[in-house]
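Q: Structure, please.
(2 chains)
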Amino acid sequence: MERKEKSGANTDNREFAVIAYCFIGLFLCLMGYFAYYQIVKSEDFINNSYNMRQETFAETIVRGKILSADGQVLAETQVDEEGSETRVYPHGRLFSHIAGYDTKEHGRAGIEAWVNFNLLRSHAFFLEKAIDRLVGQKSVGDNIVTTLDYSLQQTAYEALGSYNGAIAVIEPATGRILAMVSKPDFDPNTVSEDWERIVADENTESVLLNRASQGLYPPGSTFKIVTALEFLRENPGSYQNYTYDCSGTIPKEGSTLSCFAGEVHGSVDLERSFVKSCNTSFANIGLSLDADHFADTCKGLLFNRTLPVEKLETAKSSFVLNSDSAVSEVMETAIGQGKTLVTPLHMLMLVSAIANDGVLMKPYVVDFTQNAKGGTVRTYGSNAYGALFDEQEAAILQGYMKGVVKEGTGSGLKGMSYQAYGKTGSAEYGTTKGDSHAWFVGYAHKAGRPDIAVAVMMEQAGTGSAHAVPAAKQIFDSYYGG
Amino acid sequence: MGSIFCEASKYLMIVLFAFYTWSCFFVFRAKSKEGRQRMLRRQIRWMLLLHLDGYLVLLVRTGNYKIMLFYAAQLLFFLIIISSYHLLYEQSAQLLVNNMCMLMAVGFLILSRLSYEKAVRQFTIAVGSMIFALGIPYLIQKIRFIRRLAVLYGVLGLGALLAVAVLGQTSYGAKISFAIAGITIQPSEFVKILFVFFVAGMLHMSVERKQVAITTIAAAAHVVILVFSRDLGGALIFFVVYLAMLYVATKKPVYFLGGLASGSLAAAAAYHLFSHVRTRVVAWQDPLSVIDKEGYQVCQSLFAIGTGGWFGTGLTKGMPEKIPVVEQDFVFSAISEEMGGVFAVCLIMVCMSCFLMLLNIAMQLKDGFYKLVALGLGTMYGFQVFLTIGGVIKLIPSTGVTLPFVSYGGSSLFSTIIMFAIIQGFYILRETKHT
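A: Below you'll find the model as predicted:
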């Protein structure tokens, strides 16, 4: 059966037109997505260590500078008359871990590694670049402006003194990392020459490790923030009624667990247990908690997970309690000993979220890139991760942390022009009783200035209140002016 | 001196290609036939300049003088195609011929940069195919009974697909080719054309329910065999082409929408049934997370495109060889990396111009069978371009299809040249009838 031939092609082409328009749509999608990728997405992709093309860029681009937020040069490439290039770090060891290094032989670390590609690209006006290429001259790469505050970094560096450990400072409302110090440190100017010594087997100090974001430590009493939160969550209506009579010790499966330095706190409620950092009371609280629920809370607080941090390499904190755990382990865990391990940056993020009424802003250190002329190329900016605490929980913990400064272990921060909040910790390590890492995590508030949060971790220094609190005080004093 | 020339050429080639592309769309604005002719001649000059410039850059960068002999052979080839279409078939669609040459020129250029040997092979196949194809318009005017052999096309096509599914070699996870006397052939490239003729023949006969049902079952059989041979790109192309042809032949949007709906269901089912479908989807959603395995290729492609930026690194200055099978499925990324994002967008627009020309011809035809065939071949071309480019820029999951005329691959090049020649033949037929 032959279909009749239609006449008048134009009236017969409606379906053809529909198909044509559909396909024009598809082609426009292709072009639109291509442009979107080039303009928006490509940066996320091409600055990846798998992209071998990065290496060839150094042939046509002079590596850009890394700058602090206040315009200090943290790293720059100097070109001598013969055209040979040297990467120079004017402040030497001060920014060693965070700014990192860039070497031919031993690769890169820190910001140098994370933004390697941005430094090796030029967003100068394209004609300018074209002319550079035509005359065979290298273009100047983009600069990276970081969130780091030069004077705070210097204060933190001095505050840590000769101890190994880390200090990090962050702005809770935005997530800007203002300072990050880790010791032992190295001189990025000579890292290639010193390499053999730094990585030698007998050198057990892990000099290259950024302890602020990758060092794993027992949290000590700073973990009572988490234990207190869990108690609040399990006893929403009745936590105010909690009381415990501290006699200085509590039996623990054959042995005893005692308060620090043999102190006896007497009758304490939850707030006072927190303020005085009463170990026996917190061990007692630990026994009442549902271990699986506790583990869920910790998961929500980013334990056992990769921290949501832009660029920085971080280690995962670990929390391993579950309903099968031994009683002694439950008690130890509740006071921040046990098997729990945290990074200083993680603890900093927790207090920073508390300071920010529960909402965690993702920490970031790369603020924006600018071309050699100073024009902004791309802003990275602050992003909220989400609420780690609800507002009420944050308010309660804020109150407790204020109490620590007012009449507890953090009283070294009392009576200043700013109001400090915090929690100390003296994390025991090894087997010798009494040897401890000094911890302080907290934040401070002063009208008219943004809040800043600080984490101090001093290895083998002693108690948090004797060592870490004064270090934090130096930072708050420097920032708020006493 | 040489590097100044290469740097300048990078921009010159972009400008030339932009002019060329612009004229693809504005040639229809010309008021007189003479004006159009002038514009098309100017377009040829831009194309030849671009081609020459590209090969001079390759000469400077590689220092290989042989490459200019190869260039001369190509130049001769393009001139012969353009003039012989002009002489043999006065009414031919000149823009389509130009676009075909332009795309082949870009293809030869990037292939010469990637692998001189492959470029020469590609060129040889192009010459053979063109000689064969020049006769096709003539055949179409003479042989009128091709429309009555629908069943034969269907049986042949299905048979070929089945044979390759059972006997074929596996390459990159898909069973789509087999080798005869040292030459690897991808039968699905030819079955594509048979398939369009089959569907057109069947639906031109009748669009009654029974006929539609039989045709649909046969078409579905094609698609299913391809899915089982793991040629997902091929399966998708057959599916979409069938839907378009069914819709146009029956004029019932419900078939089109119903087809799309059942296609989505089938895709969801395939996702759950076949692990090779799932890996493609994972590699598409977040290629960086699986960069060591499934995502490697797409990541390398995106690195290439992103690193090249809008103006490219310049020929030989990028690293397209880091992308696996770059000469075939990922040739677009190599072009974008070295010749620039602007160049790549122009390339998409030239492909779009080809598609629009094919559809335009389909609309102008009077004969229902020819119309359907032209529509089928046109959508086949358009959708293949969409699949391949969309896959390499991560708009859609990568399906491993080639970019017609540009990618390395004899079967693909041959079948595309035939497709264009067939539509050219319809057009000439209609134009000569008119006058």
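
Q: got the contact list for the residue of the stretch 301-435 of chain B found nearest chain A?
A: When scored by Cβ to the nearest Cβ, the stretch 301-435 of chain B has B:G306 as its residue closest to chain A, at 3.2 Å. All C-beta atoms are positioned from the backbone trio N, CA, C, and that covers glycine. By Cβ atoms under 8 Å, 6 or more residues apart in numbering or on different chains, the residues touching B:G306 are A:Y37, A:Q38, A:K41, A:S42, A:E43, A:F45, A:I46.

Q: What does the pLDDT read for it?
A: Confidence at B:G306, expressed as pLDDT, is 91.

Q: Relative to B:Y296, how far out is it?
A: 16 Å (Cβ to Cβ, to the nearest Å).

Q: Can I get the helix or strand containing the residue of the stretch 301-435 of chain B closest to chain A in PDB, CA atoms only?
A: According to DSSP states H and E, B:G306 maps onto helix B:296-308. This file holds the C-alpha atoms of helix B:296-308, laid out as PDB (Å, rounded to 0.1, in the frame of the first residue of the first chain):
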ATOM      1  CA  TYR B 296      40.800   8.700  34.400                       C
ATOM      2  CA  GLN B 297      39.900   9.300  30.800                       C
ATOM      3  CA  VAL B 298      37.200  12.000  31.400                       C
ATOM      4  CA  CYS B 299      39.500  13.700  33.900                       C
ATOM      5  CA  GLN B 300      42.400  13.800  31.500                       C
ATOM      6  CA  SER B 301      40.000  15.200  28.900                       C
ATOM      7  CA  LEU B 302      38.800  17.900  31.200                       C
ATOM      8  CA  PHE B 303      42.300  18.700  32.200                       C
ATOM      9  CA  ALA B 304      43.200  19.100  28.500                       C
ATOM     10  CA  ILE B 305      40.200  21.400  27.800                       C
ATOM     11  CA  GLY B 306      40.600  23.500  31.000                       C
ATOM     12  CA  THR B 307      44.300  23.800  30.700                       C
ATOM     13  CA  GLY B 308      44.100  24.900  27.100                       C
END
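
Q: check which helix or strand covers the closest residue to B:A73 other than its chain neighbours.
A: Of all residues beyond its chain neighbours, the one nearest B:A73 is B:F123 (7.0 Å), with distances taken as Cβ to Cβ, 6 or more residues apart in numbering or on different chains. Following DSSP H and E, one finds B:F123 within helix B:116-134.

Q: Sketch out the low-pLDDT regions of the stretch 151-300 of chain A for me.
A: In the predicted model of the stretch 151-300 of chain A, no residue satisfies pLDDT under 70.

Q: just the helices in it please.
A: A:191-199, A:211-214, A:224-234, A:270-275, A:279-288, A:291-300 (DSSP state H, counting those that start in this stretch).

Q: Kindly reformat those as CSV containing mean neighbour count and distance to B:P187.
A: As requested, the helices of the stretch 151-300 of chain A are exported to CSV (neighbours: other Cβ atoms under 10 Å in any protein chain shown; distance: least, Cβ to Cβ, whole Å):
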stretch, mean neighbour count, distance to B:P187
helix A:191-199, 14, 58
helix A:211-214, 25, 56
helix A:224-234, 23, 65
helix A:270-275, 24, 76
helix A:279-288, 24, 71
helix A:291-300, 17, 54
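
Q: pretty sure the residue nearest to B:A73 contacts B:L76?
A: No. With contact defined as Cβ atoms under 8 Å, B:F123 and B:L76 do not form a contacting pair (11.0 Å).

Q: Between these two, which has more neighbouring residues?
A: B:F123 (20 against 11; other Cβ atoms under 10 Å in any protein chain shown).
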